[in-house]
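Asks: Mind folding the following:
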Amino acid sequence: MKTQADREFRLTFCKVHVLHHAAQRSIYGLWMLQELAEHGHMLSPGTLYPLLSRMENNGWLRSEASGGPKDRKEYRATVAGRRLLKQLRAEMGELYRELVRGEEPIYSKKRRPRK
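Replies: Sure, this is the predicted structure:
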């Protein structure tokens with residue numbers, strides 16, 4: 001994370017990415033740092049681990065010790081986290097259609113945004 005835009009916007013993408021993988025399987029910090037880096041999100045451990053902790057405190061992730069030789073924390077999405085991910089996917093799909101594909105939603109006269 002380098003710029004204010006990175007902190008404001010990219011960190012949100014990272015949170016959704018974490019939730020996506022944690023809904024599929026157990027994840028751990030170092031793997032998540034590498035996964036995010038593959039997608040151009042260069043986080044430091046000092047950014048990722050507090051993020052994971054906040055997501056756990058919010059009830060979207062749960063952690064447990066792996067019990068392996070390195071005894072690292074592994075994270076999984078909770079029921080609330082999976083529910084949130086489902087909602088975010090729908091909202092991101094709508095945003096993608098509007099921003100990337102240029103498909104403007106059709107509003108009723110009551111919902112039409114002001115110009």
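
Asks: all helices of the chain, in order?
Replies: Assigned helices in the chain, in chain order: 4-5, 11-24, 29-38, 45-57, 79-99 (criterion: DSSP state H).

Asks: Mean pLDDT, distance to Pro105 and mean neighbour count for these - can I get that in CSV?
Replies: (C-beta placed from N, C-alpha, C; glycine too.) Below are the helices of the chain laid out as CSV (pLDDT from 0 to 100; distance: least, C-beta to C-beta, whole Å; neighbours: other C-beta atoms under 10 Å):
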stretch, mean pLDDT, distance to Pro105, mean neighbour count
helix 4-5, 82, 26, 8
helix 11-24, 95, 21, 17
helix 29-38, 95, 31, 15
helix 45-57, 96, 30, 15
helix 79-99, 94, 7, 13
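
Asks: Now that we have those helices, can you turn them into a markdown table and tack on distance to Ser63?
Replies: Below are the helices of the chain laid out as a markdown table (distance: least, C-beta to C-beta, whole Å):
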| stretch | distance to Ser63 |
| --- | --- |
| helix 4-5 | 30 |
| helix 11-24 | 10 |
| helix 29-38 | 10 |
| helix 45-57 | 6 |
| helix 79-99 | 12 |
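
Asks: so which of these comes closest to Ser66?
Replies: helix 29-38 (11.3 Å; C-beta to C-beta).

Asks: And the contacts of that closest one?
Replies: Contact partners of helix 29-38, identified using C-beta atoms under 8 Å, 6 or more residues apart in numbering, comprise 14, 17-18, 21, 27, 42-43, 45, 48-49, 52, 72-73.

Asks: And stretch 81-95, by the same measure?
Replies: Residues from elsewhere that reach stretch 81-95, judged by C-beta under 8 Å, 6+ apart: 16, 19-20, 22-23, 55, 59-61, 77, 105.
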